[in-house]
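Engineer: predicted model, plus sequence, below.
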2 protein chains.
Amino acid sequence: MESAIRIRAARDGDAKAIWSIIEPTIRAGETYALEPDMSEAEALLYWMGPDRETFVAELDGVVRGTYFIRANQAGGGKHVCNAGYVTSEAATGRGIARRMHEHSLHHARTRGFRAMQFNFVVSSNERAVGLWQSLGYQIVGRLPDAFAHPTRGYVDALVMFQAL
Amino acid sequence: MESAIRIRAARDGDAKAIWSIIEPTIRAGETYALEPDMSEAEALLYWMGPDRETFVAELDGVVRGTYFIRANQAGGGKHVCNAGYVTSEAATGRGIARRMHEHSLHHARTRGFRAMQFNFVVSSNERAVGLWQSLGYQIVGRLPDAFAHPTRGYVDALVMFQAL
């Protein structure tokens, strides 16, 4: 039986669940260019800030993933959006990341965005790079040694892009 | 006689001069991904925000240019910096942009940054692209149609990078 994944807009009451999902990723410091020791309040201000829309993915009624979407630039760059996605460690391999991504592309088109850009995909995060490539993203830029990985040292970061 | 260009840290009292320099660039909407109709307060909050250091360039004692420098990312990305530069229209061709850039690279090294990255160089801004290339920047990324130019339509934006 296929589990039911439901994506919906995040509410203030989801903050604790969102924090429980994003905290391990932030603390690990391996995939997002965020301060690993940032506080819960700082992290939620970032993830649920007024400049973005935030969604959660429920698996069998429990919040297991979250993503945000925002304009990547202002002015002449605001037709390109950016997004960030995190799935609960406990629920990896269930298709949540892929479903959130599909939802985000659909939502982006609804909002009139013409492309999705990921500014800083850590190259050692091979699962993410492979997922994005399988979903149609091109590597359009490579930032040499732009990420200080906690165990691998300096690794490249990738800019990935998909027209919508 | 060579004019004297002096770079110094911006003070609160420089806000009006800075606004007079950056306003035409912002209003034109041709080179920076900022809202062309942003207010003076919004623009100064951006240019002189607490997450960056802001400098001014004086030519013969008059503020004719300004730049900011900041970490381009947080966490594992904070060893790469980013900067923005604007020179007064009335003082172009006097070497101010080049001197501000030299100052910014020196300052970046002083601060421990290991590279400088420009995230969004509008490709139709050929003077800037040429200047950055002459100063050692590589084009490490190309964002297709990522900038809506007010007269040329969609043009590419470039990611440019230089190790320090």
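Structural biologist: Yep, that arrived.
Engineer: would stretch A:127-141 count as contacting chain B?
Structural biologist: Yes - applying Cβ under 8 Å from any Cβ of the partner chain, one finds stretch A:127-141 in contact with chain B at A:Val140, A:Gly141. All C-beta atoms are positioned from the backbone trio N, CA, C, and that covers glycine.
Engineer: buried ones in that stretch, by neighbour count?
Structural biologist: Within stretch A:127-141, the residues that qualify as buried are A:Ala128, A:Val129, A:Trp132, A:Tyr137, A:Ile139, A:Val140, A:Gly141, counting by 16 or more other Cβ atoms under 10 Å in any protein chain shown.
Engineer: what's the average pLDDT for that stretch?
Structural biologist: Within the predicted structure, the mean pLDDT of stretch A:127-141 is 95.
Engineer: hmm, back to that, keep only those of the buried residues of stretch A:127-141 that are in helices.
Structural biologist: Secondary structure of the buried residues of stretch A:127-141 is defined by DSSP state H; positions in helices are A:Ala128, A:Val129, A:Trp132.
Engineer: rewinding a little: list just the nearest of the buried residues of stretch A:127-141 to chain B.
Structural biologist: The shortest approach to chain B among the buried residues of stretch A:127-141 belongs to A:Gly141, at 2.1 Å (Cβ to the nearest Cβ).
Engineer: in contact with the closest one, which residues?
Structural biologist: Counting by Cβ atoms under 8 Å, 6 or more residues apart in numbering or on different chains, A:Gly141 touches A:Leu158, A:Val159, B:Val140, B:Gly141, B:Arg142, B:Leu143, B:Val159.
Engineer: A:Arg52: neighbouring residues, count only.
Structural biologist: For A:Arg52, the count of nearby residues is 17 (other Cβ atoms under 10 Å in any protein chain shown).
Engineer: oh, I was asking about A:Phe113
Structural biologist: Look at A:Phe113: counted by other Cβ under 10 Å, it has 23 neighbours.
Engineer: nearest to B:Ala9, out of the contacts of A:Gly141: which one, please.
Structural biologist: B:Val159 (28.0 Å; Cβ to Cβ).
Engineer: so that closest one makes contact with B:Gln138?
Structural biologist: No - between B:Val159 and B:Gln138 there is no contact under Cβ atoms under 8 Å: 9.4 Å.
Engineer: packing partners of the lowest-mean-pLDDT helix or strand in chain A?
Structural biologist: Using mean pLDDT, DSSP states H and E, the weakest-scoring helix or strand in chain A turns out to be helix A:126-134, at a mean of 94. In terms of contacts (3 or more Cβ pairs under 8 Å, 6 or more residues apart in numbering or on different chains; DSSP states H and E), helix A:126-134 is packed against helix A:96-110, strand A:115-122, strand A:153-163.
Engineer: dump the ones you listed into a markdown table; add distance to chain B, mean pLDDT and mean neighbour count as well.
Structural biologist: Compiled in a markdown table, these are given as follows (distance: least, Cβ to the nearest Cβ, whole Å; pLDDT from 0 to 100; neighbours: other Cβ atoms under 10 Å in any protein chain shown):
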| stretch | distance to chain B | mean pLDDT | mean neighbour count |
| --- | --- | --- | --- |
| helix A:96-110 | 14 | 96 | 18 |
| strand A:115-122 | 6 | 98 | 22 |
| strand A:153-163 | 5 | 98 | 19 |
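Engineer: brilliant, that's me finished.
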